[in-house]
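# How does the following fold in three dimensions:
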Amino acid sequence: MVSPSGIMDVPTAILLEIFLKLPVYAITRCKSVCKSWFNLLVSTDPYFANVYTRNPPFTTLLLSEECSGNSSTSFFLLEISEDGNNCMRTRFEPRVPDWLDAKSDLCLISSSKGLLCLCEHKYIAWFMVETIYISNPITGECIALPPHRVPYRHGATTIIVYKFDFSPSTNNFKVMRVVYTSVRTANEKVQVEIFTVGVDDGWRCLKQPSIPFSFWNTGTIFNGAYHWIDTANINCQLICTFDLGKEKEGRVINLPPLLENLWWAELTSLNNRLCLVIKSVSSHITIWTMNEYGVDSSWTKDVILRSWFPSHLSFAELFPVAILQNADILFKANNRLFCCDPKKKKTASIKLQADVEVGSFKLRFDDYAPSFSLLHELMIGGEGRSVNAKSK
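Okay, here's the model as predicted:
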């Protein structure tokens with residue numbers, strides 16, 4: 001009798017080469033095959049995770065369906081091939097208690113190094129309770145931060161903004177909460193709180209930094225700091241920053257010279273570079289890229305003509321979300337995704353799967369870098385409740 005020989009006999013080095021070419025949805029299935037594969041793909045040894053993150057075989061986006069109030073009802077991972085011709089879609093569900101409960105709304109804040117920051121709003125009597133969840137959709141783990149109760153105040157307006165990122169200077173993930181409160185004609189009050197994941201036992205209130213109310217409209221998280229355009233001094237043309245690691249205002253960056261109307265400007269990050277997008281409804285979209293962070297002379301300009309896009313998008317808001325491995329740019333517009341080739345000056349629509357309800361919801365596209373690291377390693381020494389942390 002001949003003993004069977006199969007995939008389990010393949011050397012580890014060859015297995016790794018195979019896994020490194022697979023999309024994320026296939027890897028999530030492979031890690032469930034056996035314990036040895038799980039340890040190879042999701043373990044304390046960071047080799048596979050580091051190599052896959054540095055050289056991903058696909059460009060990955062996070063797609064969320066948003067209904068009223070930015071509450072998300074469905075989440076997907078979109079994996080797009082190098083040429084943009086192939087798009088794979090995988091649905092996932094954050095393991096958040098009471099998700100889709102009639103009294104509970106779940107909103108995506110942002111993602112950083114593969115981790116999602118989600119905010120759950122639950123209304124109890126005269127209070128709104130907000131709970132932040134940090135989730136890794138690849139490993140199926142989720143932790144809850146201490147909840148925040150927002151009381152109802154007659155005649156007062158309260159706006160709460162969250163920011164989330166990894167701080168390279170402290171090697172920690174941090175969540176910043178900015179609470180704006182105004183009472184009719186009185187001056188607005190700003191309160192800033194920080195939670196360091198895996199370190200803090202509760203939210204820490206910072207001494208009030210000079211953060212303007214409008215800072216969250218045009219900004220983006222990049223390199224462990226929140227960046228926003230200083231619209232209070234529009235003639236200065238500056239980018240202000242708040243360093244999450246140092247928990248204070250950071251460097252000031254000069255905007256590119258001779259800019260167009262800044263009221264159409266918005267900061268983002270593309271291909272791990274800080275970018276400024278001028279998204280006017282004129283004949284073109286301008287993308288300024290800071291090729292060397294903090295160096296004013298490193299800004300470069302790319303102009304994308306609207307004539308390259310389908311005619312029905314003539315007055316649509318076009319915004320870049322990612323850059324493919326072949327340098328094509330992914331744009332979102334009217335709940336659709338488009339692949340733009342600046343060299344050939346043409347654009348093609350990327351077909352989404354049928355179960356993505358394009359007409360029923362507002363679709364949100366976010367650049368996403370998958371992570372195979374175990375989430376519980378972040379919790380050593382700090383506060384946080386593990387929620388259904390067993391891996392899928």
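# switch to C-alpha atoms for all contacts and neighbour counts from now on
Noted.
# what about Arg204, neighbour count?
Per other Cα atoms under 10 Å, the neighbour tally for Arg204 reads 14.
# from memory it sits against Val197, does it?
No. Under the criterion of Cα atoms under 8 Å, Arg204 makes no contact with Val197, lying 12.0 Å away.
# Strands of the stretch 101-250 of the chain, start to end?
For the stretch 101-250 of the chain, the strands defined by DSSP state E, counting those that start in this stretch cover 104-112, 115-124, 127-136, 141-144, 148-151, 156-167, 172-183, 189-196, 204-205, 220-222, 225-229, 238-243, 248-249.
# Give me the sheet partners of the last one and which way each runs.
Which is strand 248-249. Applying DSSP bridges to the sheet, strand 248-249 is found paired with strand 238-243 (antiparallel).
# ok, residues contacting the partner strand?
With Cα atoms under 8 Å, 6 or more residues apart in numbering as the test, strand 238-243 has contacts from 224-230, 248-255.
# 6 Å instead?
Under the contact criterion Cα atoms under 6 Å, 6 or more residues apart in numbering, strand 238-243 has outside partners 225-230, 248-255.
# of all the strands of the stretch 101-250 of the chain, which lies closest to Phe331?
Ranking those by proximity to Phe331 (Cα to Cα) places strand 220-222 first, at 17.1 Å.
# which stretches of the stretch 151-300 of the chain have low pLDDT?
The stretch 151-300 of the chain contains residues with pLDDT under 70 at 151-155, 183-188, 208-218, 232-235, 260-261, 281.
# Distance to Lys301 for the strands of the stretch 101-250 of the chain - can I get that in CSV?
Formatted as CSV, those follow (distance: least, Cα to Cα, whole Å):
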stretch, distance to Lys301
strand 104-112, 26
strand 115-124, 31
strand 127-136, 35
strand 141-144, 40
strand 148-151, 43
strand 156-167, 27
strand 172-183, 32
strand 189-196, 35
strand 204-205, 40
strand 220-222, 19
strand 225-229, 18
strand 238-243, 17
strand 248-249, 28
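# hey, which of those is tucked in deepest?
Comparing the strands of the stretch 101-250 of the chain by mean neighbour count (mean count of other Cα atoms under 10 Å), strand 225-229 comes out on top with a mean of 26.
# Quick one: list the elements packing against that one.
Secondary-structure packing of strand 225-229 (3 or more Cα pairs under 6 Å, 6 or more residues apart in numbering; DSSP states H and E): strand 238-243.
# now the strand it packs on against strand 225-229, angle please.
160 degrees (axes from the mean of the first three to the mean of the last three Cα atoms, to 10 degrees).
# and the angle from strand 238-243 to strand 156-167?
Using the same axes, to 10 degrees, strand 238-243 lies at 80 degrees relative to strand 156-167.
# what distance separates strand 238-243 from the centre of its chain?
With Cα atoms, centre = their mean, to the nearest Å as the basis, strand 238-243 stands 19 Å off its chain's centre.
# biggest separation within the contacts of strand 238-243, which pair?
Taking Cα to Cα, no two of the contacts of strand 238-243 sit farther apart than Lys248 and Leu255, at 21.0 Å.
# quick one: the helices in the stretch 251-392 of the chain?
In the stretch 251-392 of the chain, no segments count as helices under DSSP state H, counting those that start in this stretch.
# Where does pLDDT dip in the stretch 1-150 of the chain?
Checking the stretch 1-150 of the chain against pLDDT under 70 turns up 1-8, 43-45, 67-73, 98-104.
# Where do the strands of the stretch 251-392 of the chain begin and end?
253-254, 265-270, 273-278, 284-290, 299-305, 319-323, 329-333, 336-341, 346-350, 362-367, 385-386.
# Tell me which residues are up against the fifth one.
Contact with strand 299-305 is made by His284, Ile285, Thr286, Ile287, Trp288, Thr289, Met290, as judged by Cα under 6 Å, 6+ apart.
# and with 7 Å instead?
Pro256, Ser283, His284, Ile285, Thr286, Ile287, Trp288, Thr289, Met290, Asn291 (Cα atoms under 7 Å, 6 or more residues apart in numbering).
# Spit out the contact partners of Phe271.
In this structure residue 271 is Asn, not Phe. Asn271 touches Ala322, Ile323, counting by Cα under 7 Å, 6+ apart.
# separation between it and Asn171?
21 Å (Cα to Cα, to the nearest Å).
# next one: Arg29
Distance of Arg29 to Asn171, computed by Cα to Cα: 30 Å.
# What are the contacting residues of stretch 279-291?
Residues contacting stretch 279-291 (Cα under 7 Å, 6+ apart): 264-265, 273-278, 298-306, 315, 318-319.
# what sits opposite Ser111 in the beta ladder?
Leu116.
# Could you double-check that it lies in contact with Cys117?
Yes. The criterion here is Cα atoms under 7 Å, and Ser111 meets it with Cys117 at 6.0 Å.
# circling back to that earlier point, so for Thr53, which of the strands of the stretch 251-392 of the chain sits nearest?
Across those, closest to Thr53 is strand 362-367 (Cα to Cα), at 13.3 Å.
# So which residues lie in contact with that closest one, not counting its own?
With Cα under 7 Å, 6+ apart, strand 362-367 has contacts from Thr60, Leu61, Leu62, Leu63, Ser64, Glu65, Glu66, Cys67, Val321, Ala322, Asn335.
# Okay, now the sheet partners of that strand, with direction.
Counting by DSSP bridges, strand 362-367 is paired with strand 59-66 (antiparallel).
# between the partner strand and strand 104-112, what angle do the directions make?
Using the same axes, to 10 degrees: strand 59-66 against strand 104-112 is 160 degrees.
# chain center to the helix or strand that strand 59-66 is followed by: distance?
Counting by DSSP states H and E, the next helix or strand C-terminal to strand 59-66 is strand 72-80. Relative to its chain's centre, strand 72-80 lies at 12 Å (Cα atoms, centre = their mean).
# Same question for stretch 284-296.
With Cα atoms, centre = their mean, you get 20 Å for stretch 284-296.
# And it, end to end?
Stretch 284-296 end-to-end distance (Cα to Cα) = 24 Å.
# Return the residues in contact with Glu130.
Glu130 touches Cys119, Glu120, His121, Lys122, Pro147, His148, Arg149, counting by Cα under 7 Å, 6+ apart.
# ok, of those residues, which one's closest to Ala348?
Nearest member of these to Ala348, counting by Cα to Cα, is Cys119, at 34.2 Å.
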